[in-house]
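1. Provided below for reference: sequence and predicted model.
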Amino acid sequence: MAHPFGTQTIRRKQDLFSEKDKYGKIVNIDRPIIDEVEKIARNHNTSMATIALAWIKTKVTAPIVGARATKAHHLDALEEAIKINLSKEEVHALEAPYKAHDLEGVMADNRNREHNWTQYLINDSEK
């Protein structure tokens, strides 16, 4: 959510598993949301990361946000997000295209365990 769709970051170049096997499967589901974050960020003259953090603020009163101390722009985005109040229309525009994803990674590997998250899986007929 912090970069326009298709942006190649150092992390994305290094994390080939996520690009191909994890996020590559859901790119068409997530693209409308990423595009909307970019549009709202442009309208607010701010970064996409700031808009993503401002959206989190609409959901919880005390978000836990991780920021690397070596990257001041992470803290700058957080500081700016505190000052932005998204409109109801903007929140709706971010949430309307959301579609639940199937489990990936460790969660998918453990779906057959006795105590698992299978009740949250997407039914194949709903895809």
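-> Sure thing, it's come through. Residues are numbered from 1 along each chain as shown.
2. ok, now how distant is residue 56 from residue 108?
-> 25 Å (CB to CB, to the nearest Å). (C-beta placed from N, C-alpha, C; glycine too.)
3. how many neighbours does residue 50 have?
-> Residues within reach of residue 50, counting by other CB atoms under 10 Å, total 25.
4. hmm, residue 80 and it touching each other?
-> Yes - counting by CB atoms under 8 Å, residue 80 is a contact partner of residue 50 at 4.6 Å.
5. helices along the protein, start to end?
-> With DSSP state H as the criterion, the chain has helices at 10-14, 16-17, 27-44, 48-57, 72-83, 88-95, 105-109.
6. out of these, deepest packed?
-> helix 48-57 (a mean of 21; mean count of other CB atoms under 10 Å).
7. tilt between that one and helix 27-44?
-> Per axes from the mean of the first three to the mean of the last three CA atoms, to 10 degrees, the angle that helix 48-57 makes with helix 27-44 is 100 degrees.
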